[in-house]
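Asks: curious how this folds, go ahead:
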Amino acid sequence: MRKSPAPLIDIGVNLVDHAFDKDRAEVISRAREAGVAAVIVTGCTVASAAAARDLCESVTDFPLFFTAGVHPHNAKDCDESTLQQLTELAKHERCVAIGECGLDFNRNFSPPDVQEQWFAAQVTLALQLQKPLFMHCRDAGARFANILTQAGISSSNSS
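Replies: Alright, predicted model coming up:
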């Protein structure tokens, strides 16, 4: 396998998905062999973020990090405990962002108003914890931008 001439970080790996149950270790090994410097495992629900945290803790020979968030497809499953659980996960030293969060008005696996509510809540959480956002937007650009603007985030205040 040919290595990349520049360091690579894979930032959106759904490595805790059951599809990787049989070859998760091999996937990590192939990433290492290909010259991937680090992998960020995506949290799409509280449960998958907790599984990502556990995976990061169990792999000691390769730099794994994770995100803590709820994907817009899963927003319908959020409840009053979601933000507290995400907050606790986000305090972990290997949690590098809040998300994957955002809006997906193409598929609407969760109702749009529910997606908006939980996206806004996760934006606020990221600001409170001073964590980057790992965002998802499909067919919802105007509303997505509006939620970020309402939270005080705009392209003019990014570095």
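Asks: where does the protein have low pLDDT?
Replies: For the chain, the stretches flagged by pLDDT under 70 are 1, 155-159.
Asks: and the strands in it, which stretches?
Replies: Taking DSSP state E as the criterion, the chain carries its strands at 8-13, 36-41, 64-68, 95-104, 133-138.
Asks: so which bits of the longest helix along the chain are buried?
Replies: For the chain, the helix reaching the highest residue count under DSSP state H is reported as helix 112-129. Applying a neighbour-count criterion of 16 or more other CB atoms under 10 Å, the buried positions in helix 112-129 are 115, 116, 118, 119, 120, 121, 122, 123, 124, 125, 126, 129. For every residue, glycine as well, the C-beta is placed using N, CA and C.
Asks: by contact count, what packs against that helix?
Replies: Secondary structure elements in contact with helix 112-129, counted by 3 or more CB pairs under 8 Å, 6 or more residues apart in numbering; DSSP states H and E, are helix 82-90, strand 95-104, strand 133-138, helix 141-150.
Asks: rerun that using 7 Å as the cut-off
Replies: Using 3 or more CB pairs under 7 Å, 6 or more residues apart in numbering; DSSP states H and E as the contact criterion, the elements in contact with helix 112-129 are helix 82-90, strand 95-104, helix 141-150.
Asks: what comes up buried for stretch 31-42?
Replies: Along stretch 31-42, these residues count as buried under the neighbour rule (16+ other CB under 10 Å): 31, 36, 39, 40, 41, 42.
Asks: can you list contacts of the longest helix of the chain?
Replies: Applying CB atoms under 7 Å, 6 or more residues apart in numbering, the external contacts of helix 112-129 come out as 69-70, 72, 75-76, 78, 83, 86-87, 90, 98-99, 101-105, 132-133, 143, 147-148, 151, 153.
Asks: recalculate using a threshold of 8 Å.
Replies: Contacts of helix 112-129 with the rest of the structure, by CB atoms under 8 Å, 6 or more residues apart in numbering, involve 69-70, 72, 75-76, 78, 82-83, 86-87, 90-91, 97-99, 101-105, 131-133, 140, 143-144, 147-148, 150-153.
Asks: got the angle for it vs helix 141-150?
Replies: Put simply, helix 112-129 runs at 30 degrees to helix 141-150, going by axes from the mean of the first three to the mean of the last three CA atoms, to 10 degrees.
Asks: now helix 112-129, how far from the centre of its chain.
Replies: Taking the mean of its C-alpha atoms, helix 112-129 sits 13 Å from the chain's own mean (CA atoms, centre = their mean, to the nearest Å).
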